[in-house]
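> Next input, structure requested:
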Amino acid sequence: MRLWASRGGREPQTVPEALRRAEQRRREGRDAEAAALVARVLELDPDNLHAHLLAAYLHVARRATAPARQEFRWVLGHDANHARALLGLAGIALEEGDAHECRDLLRRALRFYPEFPEATALLEAVRTREAAPPPAANATAAPRVDRLRLPGTGRALIIGRADGGLIASQPVADDAKDVSEALARTLQLAAATLGRAGLGPLHRAIVEDDHDAVFTRTDGDLVVSLALPRATDPTQGLLDLNRLWSATLHELGLAAGPPAAAPSSTPADTPVDRTRRVS
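Numbering: from 1, shown residues only. This next block holds a predicted model:
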């Protein structure tokens, strides 16, 4: 099916070509361009399952839960066992704190596709989270975050536990608890995926959205996340994160002596090539 004649005398663009470009734009973080391509496809081919699935992914990226759920359900209405749609709905359920629905959707996906690694990893993350004992009251004192100096381009700092519990944030924000929980869920999924691949535990990650790159470090118990502009050089972002990690440990009384100064180059024990990028 033809869509429109492209500029510059190129061949007319077809639905499959437009969807391939939309998928590429989405993976590059160019969501607005991807959404425009998907919308054009749906105008001309309203029953295109791939286009509806891409639309759902784009809604998820914008944290637009209701339209994302609607698109995933549309896909399931046309293919009741669509693995990606089931996984998408499971992710939304987990975001909303409904572990029971999340688990049911994942089991349904794995019933038809037993070798679905993303569904297996998310199910393991849900089980791990449910099996973890609740944190003891006042187990971790809040650090003096006013002492933790953000870099000049720093947008926000979240200090939390691996179970999503918020310890502190800078600047103080009403949604800091929700952000801490969402980061914990993302890290749990990434850690489960790495574990299944035999790559060892997750120590660092860069979680990107349209505007920010959230540099995160964890030891399995504590999580320190620093939001920087997406264009930040990864090496510089990791150096800023390492400084804040050391300062946080000092404030929590988990490290002896004053926090280490930011090094002039990447330390030998924290190589950049170990960073896990989650997108």
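
> was I right about Leu202 contacting Leu189?
No: between Leu202 and Leu189 there is no contact under Cβ atoms under 8 Å: 9.9 Å. Where C-beta positions appear, they are placed from N, C-alpha and C, glycine not excepted.

> in the chain, which spans are helices?
15-27, 31-44, 49-61, 65-78, 83-95, 99-112, 117-131, 176-196, 234-251 (DSSP state H).

> can you pull the buried residues of stretch 172-184?
Of the residues in stretch 172-184, 176, 179-184 count as buried by neighbour count, 16 or more other Cβ atoms under 10 Å.

> meant to ask about stretch 204-219
For stretch 204-219, the neighbour count (16+ other Cβ under 10 Å) marks 204-207, 212-218 as buried.

> Pull the most distant pair out of these.
Pairwise distances among these were taken by Cβ to Cβ; the largest, 18.1 Å, belongs to Asp212 and Thr218.

> Out of the buried residues of stretch 204-219, which comes closest to Thr248?
Arg217 (9.2 Å).

> Identify the bridge partners of the closest one.
Beta-bridge pairing of Arg217 under DSSP bridges involves Arg204, Val224.

> Looks like it contacts Ser246 (just checking).
No: at 10.1 Å, Arg217 does not count as touching Ser246 under the criterion of Cβ under 8 Å.

> Neighbours of Ser169, how many?
21 (other Cβ atoms under 10 Å).

> how much space between the closest residue to it other than its chain neighbours and Leu244?
Nearest residue to Ser169 in three dimensions, chain neighbours excluded: Ala176, at 3.7 Å (Cβ to Cβ, 6 or more residues apart in numbering). Separation of Ala176 from Leu244 (Cβ to Cβ, to the nearest Å): 16 Å.

> quick check, distance from stretch 160-172 to the centre of its chain.
16 Å (Cα atoms, centre = their mean, to the nearest Å).

> do stretch 174-181 as well
Relative to its chain's centre, stretch 174-181 lies at 14 Å (Cα atoms, centre = their mean).

> now that stretch: mean pLDDT?
Stretch 174-181 carries an average pLDDT of 84.

> Residues contacting it, please?
Contacts to stretch 174-181, defined as Cβ atoms under 8 Å, 6 or more residues apart in numbering, come from residues 156, 158, 160, 164-166, 169, 173, 223.

> Lowest-confidence entry in these?
Ala173 (80).

> any idea how far that residue is from Gln24?
Relative to Gln24, and taking Cβ to Cβ, Ala173 is found at 34 Å.

> what does Ala83 give?
Plainly put, Ala83 is 22 Å away from Gln24 if you go by Cβ to Cβ.

> Counting neighbours, what do you get for Glu196?
For residue 196 the amino acid is Arg, not Glu. 12.

> Tell me which residues touch it, please.
Going by Cβ under 8 Å, 6+ apart, Arg196 touches 117, 120-121, 124.

> Mind checking which of the residues you listed are buried?
Neighbour counting by 16+ other Cβ under 10 Å classes 120-121, 124 among these as buried.

> Pipe those residues into CSV and attach pLDDT and distance to Thr14 per row.
Shown next, in CSV, are the buried ones among the contacts of Arg196 (pLDDT from 0 to 100; distance: Cβ to Cβ, whole Å):
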residue, pLDDT, distance to Thr14
Thr120, 88, 35
Ala121, 85, 35
Glu124, 83, 40
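
> Ala56: which of those is nearest?
For the buried ones among the contacts of Arg196, the minimum distance to Ala56 (Cβ to Cβ) is 19.7 Å, reached by Ala121.

> still on that earlier bit, Gly152 is nearest to which of the helices of the chain?
Shortest distance between Gly152 and those, using Cβ to Cβ, is found for helix 234-251: 9.6 Å.

> Buried residues, the closest one. List them.
If you call a residue buried by 16+ other Cβ under 10 Å, then helix 234-251 has these buried ones: 237-251.

> just those residues now: which is nearest Ala93?
For those, the residue nearest Ala93 by Cβ to Cβ is Leu241; the value is 30.7 Å.

> if I pick that closest one, what's in contact with it?
Contacts for Leu241 (Cβ under 8 Å, 6+ apart) come out as 204, 215-217, 224, 226.
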